[in-house]
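> what's the 3D shape of this:
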Amino acid sequence: LIVQRVVAGRGAPPTASRAPEGPVIQETTGQAAPVRTYQDLLANPHDEQLFEYYFTSQLARVPAAGGSATPVGQPEIITSVSVSPSGEYLLVNRVKRPYSYLAPIFAFAGETEVLDMRGNRVHRVHDRTEVTLSPIGRDMVNPGPRAIQWRADAPATLVWAEAADEGDARRAAQVRDRVLMLEAPFSGQPRTLIDLDQRYAGVHWGRDDLALVHSRWATSARTRTHVVNPGQPGAASRVLWDRSSEDLYGDPGTPLTTTNVAGHQVLRFASGGNAIFLTAEGASERGNYPFLDRLDLSSGQTERLWQTEDPYYEVLVTVLDDEGRRLLTRRESLTEPSNVYLRDRTTGDARALTNFPDPAPQLAGIQRQIITYPRADGVMLSATLFTPPGYDPQRNGPLPTLLWAYPREFRDADAASQITDSPNRFSRPTGASHLFLLTQGYAILDGPAMPIIGVGEVEPNDSYIEQLVASAQAAVDKVVEMGVADRNRIGVGGHSYGAFMTANLLAHSDIFRAGIARSGAYNRTLTPFGFQAEPRSYWEAQQVYMQMSPFNFAHRINEPILLIHGEADNNSGTFPIQSERMYQALKGHGATVRYVVLPHESHGYAARESVMHTLAEMVEWMDRYVKNAQPQGRVTTQVERQ
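Modelled structure (predicted):
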């Protein structure tokens, strides 16, 4: 076994001086180095000392049968180590100075090296002499080797990608990325496995004459899979799939893999060796119906071996033989919790191997259905509607309702219209889930599609507000039309980018009576080098950043809003100061707002006390301002108000 051990005799951690040793200085010498916002970074020389103290480790070999450890090399700050399939070499990534106060550890200077089992350097793959920040923008990458790995089906062959366009996606180029290979003893010149006109996106290794190389181009939302011959680098390849990365209905599936004798993942071949297995969610207009296919590598034709059938949602865990006859699956339904099954395709038998009970039988009878509806511009949308056990709209009438969502960007309107859920999932709320409001008599419109679509040269966020409001209006109109929701008693909520959405909907429409915004960001000038899928900087799209920031429209939020944030949120972009300043802006304009800071919590909430308190806050807020809200006049959008 190769392990990383605490350095022997390292002593006590360094202590901070009571008096500063001097100022903290950062300097740049004119070279542009944009960086997104990160938290929990090094901030001073004492942090650097602590970083070296806690992160320095000693590589060692430990006999699997037991025995003493043998040191390998010298103590270093090692971020990853991988053993070659032959067991002869180690691929080691290590960090060295200079460090950064603006970026995490992955951007620090460092080296990628091949060592022998005694720790001697055999080959230096890449030397990063300075802090290296990833370029901002779609399809932009750093020049030089990246995605360095061992070829899984060969004894000791290095594989990596390098940008042939210097990593600049704005430059015209026929070759974007080049995938290279170098065999032990690593003294020759690298050989080209394949040239790509997109960015390299990974590889499935199979055997000496077959591997699948994946590429993508985010700007156009395209992805390809190439069949290559690793034993003949540079030989002609062929494209197996060329498709939209947003098209879930057309997803051919992900190849199944198996662990080879060297402990690395390789393709799982079907009997005969000329076919592989594919599995996918099986997205369709009826919902998700996972499947298992057999792909003939010569013809490219697929054979459907198995697919989920109503009333179940069943996903493949693995195949147990080379014919794909015996399957291990995980099955659930609206009334049955998820359990593992042994399925025989020949006989049709399915035998349960586990018997996990309903974790919350008190919630049995929750009703779940997928609904579809059109947006004003014709884009078809979908959502999952939950209602309490025993609810009937004809008998019980409309319910107070919570819409809980998270916007997504798209390049294709048809892809934005696709259904991404299953009608047969077993649903029980956990953690601080909004679904707990079902126990309090609410309907929940969960995950309604909020697509922000940009076609061609038009970026999605150029019309973010208009599309967001239109999607919300369409969702509300649908559940009101169904008789499930009372238009005068509908709230909206979301977490992270969903919280950002919530504040914007309250600022730019009067569709909702109140909002719940958890761990969000509200001022986009504080994330000036991009956020979510926005590739432009604040200085490139200043009007977009300003228009999308609900902080700038705090004076228009006239519905009650509950802000919740973890005190130690370390998610990029959602610093706690976002909620703090949003609260101050709302308070300053006389809004009805409550700001809850959860001690010690990060972007998600983990402590029992925090989870229970969050649920209590959400229920109390919805009861006060939605369930028991007084009727209001005609709903208007911000455009109508202007």
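> what are the ranges of the strands in the stretch 51-200 of the chain?
For the stretch 51-200 of the chain, the strands defined by DSSP state E, counting those that start in this stretch cover 56-61, 70-83, 89-95, 110-116, 121-128, 146-150, 157-163, 177-183, 191-196, 199-207.
> ok, now the stretch 501-642 of the chain?
Remark: strands assigned in the stretch 501-642 of the chain by DSSP E, counting those that start in this stretch are 514-518, 561-566, 593-598.
> As CSV, these with distance to Leu381 would be great.
For the C-beta atoms, the positions are set from N, CA and C on the backbone; glycine is no exception. Compiled in CSV, those are given as follows (distance: least, Cβ to Cβ, whole Å):
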stretch, distance to Leu381
strand 514-518, 20
strand 561-566, 24
strand 593-598, 30
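> For Ala19, find the nearest of the ones you listed.
Ala19 lies closest, by Cβ to Cβ, to one member of the strands of the stretch 501-642 of the chain: strand 593-598, at 31.5 Å.
> Just the mean pLDDT for that closest one, thanks.
Averaged across strand 593-598, pLDDT comes to 98.
> can you tell which of the strands of the stretch 501-642 of the chain is closest to Asn288?
Closest approach to Asn288 among those is made by strand 514-518 (26.5 Å; Cβ to Cβ).
> now for the closest one, which elements pack on it?
Contact partners of strand 514-518 among helices and strands, from 3 or more Cβ pairs under 8 Å, 6 or more residues apart in numbering; DSSP states H and E: strand 485-495, helix 497-508, strand 561-566, helix 608-622.
> who does that strand pair up with?
Applying DSSP bridges, strand 514-518 is found paired with strand 485-495 (parallel), strand 561-566 (parallel).
> what inclination does the first one have with respect to helix 497-508?
When you say that, I think you mean strand 485-495. 130 degrees (axes from the mean of the first three to the mean of the last three Cα atoms, to 10 degrees).
> what about strand 485-495, distance to the chain center?
26 Å (Cα atoms, centre = their mean, to the nearest Å).
> try the shortest one
Mean-position distance between strand 561-566 and its chain equals 23 Å (Cα atoms, centre = their mean).
> Mind listing residues that contact that strand?
Here strand 561-566 makes contact (Cβ atoms under 8 Å, 6 or more residues apart in numbering) with 499, 502-503, 506, 514-520, 574, 576, 578-580, 582-583, 586, 591-598, 600-605, 610, 614, 617-618, 621.
> for stretch 606-625, same thing?
Here stretch 606-625 makes contact (Cβ under 8 Å, 6+ apart) with 400, 402, 431-432, 434, 436-437, 440, 442, 491, 493, 513-514, 516, 518, 559-560, 562, 564, 566, 592, 594, 596, 598-601, 605.
> tell me the mean pLDDT for the helix of greatest length in the chain?
Taking DSSP state H as the criterion, the chain has its longest helix at helix 464-481. Mean per-residue pLDDT for helix 464-481: 98.
> mind listing what's buried in it?
464-480 (16 or more other Cβ atoms under 10 Å).
> before we move on, the earlier item: what's the most buried one of the strands paired with strand 514-518?
Neighbour counts (mean count of other Cβ atoms under 10 Å) averaged over each of the strands paired with strand 514-518 peak at strand 561-566, with a mean of 27.
> That strand vs strand 593-598, what angle?
Going by the same axes, to 10 degrees, strand 561-566 makes 10 degrees with strand 593-598.
> how about strand 561-566 as CSV, C-alpha atoms only?
Below are the C-alpha coordinates for strand 561-566, written out as CSV (Å, rounded to 0.1, in the frame of the first residue of the first chain):
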residue,chain,number,x,y,z
ILE,A,561,-38.2,37.7,2.6
LEU,A,562,-36.4,35.3,5.0
LEU,A,563,-32.6,35.3,4.6
ILE,A,564,-30.7,32.3,6.0
HIS,A,565,-27.0,31.9,5.7
GLY,A,566,-24.3,29.6,7.2
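> and the angle for that strand with helix 608-622?
Using the same axes, to 10 degrees, the inter-axis angle of strand 561-566 relative to helix 608-622 is 170 degrees.
> what mean pLDDT does strand 561-566 have?
Rounded mean pLDDT across strand 561-566 is 99.
> rewinding a little: for the buried ones among the contacts of strand 561-566, write the corresponding ChimeraX selection.
Buried subset of the contacts of strand 561-566, written as a ChimeraX selection, criterion 16+ other Cβ under 10 Å:
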select :499,502,503,506,514,515,516,517,518,519,520,574,576,578,579,582,583,586,591,593,594,595,596,598,601,602,603,604,605,610,614,617,618,621
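> quick one: the helices in the stretch 201-350 of the chain?
Remark: no helices are assigned in the stretch 201-350 of the chain by DSSP state H, counting those that start in this stretch.
> so which strand or helix has the nearest residue to Pro104 once chain neighbours are set aside?
Of all residues not flanking Pro104 in the chain, Tyr38 sits nearest, at 5.5 Å (Cβ to Cβ, 6 or more residues apart in numbering). Following DSSP states H and E, there is no helix or strand that holds Tyr38.
> Now the most centrally placed residue in the chain, what are its backbone angles?
Taking Cα atoms, centre = their mean as the criterion, Gln532 is the residue nearest the geometric centre of the chain, at 10.6 Å. Taking degrees, to the nearest 10, you get phi 50, psi -120 for the backbone angles of Gln532.
> ok, the spatially closest residue to it that is not a sequence neighbour - how many residues close by?
Counting by Cβ to Cβ, 6+ apart, Gln532 lies nearest to Tyr497, which is 5.9 Å off, once chain neighbours are set aside. With neighbours defined by other Cβ atoms under 10 Å, the count for Tyr497 comes to 21.
> Show the contacting residues for Tyr497.
406-407, 520-521, 532.
> If we use 7 Å, what do you get?
Contacts for Tyr497 (Cβ atoms under 7 Å, 6 or more residues apart in numbering) come out as 406-407, 532.
> on that earlier part again, from Lys627, how far out is the residue nearest to the centre of the chain?
Counting by Cβ to Cβ, to the nearest Å, the separation of Gln532 from Lys627 is 32 Å.
> same thing with Trp404?
Using Cβ to Cβ, Trp404 is found at 16 Å from Lys627.
> When the two are compared, which one has more neighbours?
A direct count of neighbours by other Cβ under 10 Å for Trp404 and Lys627 places Trp404 higher, at 24 against 20.
> My guess is that one contacts Gly491. True?
No - in this structure, Trp404 is not within contact of Gly491 by Cβ atoms under 7 Å, at 9.2 Å.
> Among the strands of the stretch 501-642 of the chain, which comes closest to Ile148?
Ile148 lies closest, by Cβ to Cβ, to one member of the strands of the stretch 501-642 of the chain: strand 561-566, at 34.8 Å.
> lowest average confidence, helix or strand, in the chain?
In the chain, no helix or strand scores lower on mean pLDDT, DSSP states H and E than helix 638-641, which sits at a mean of 47.
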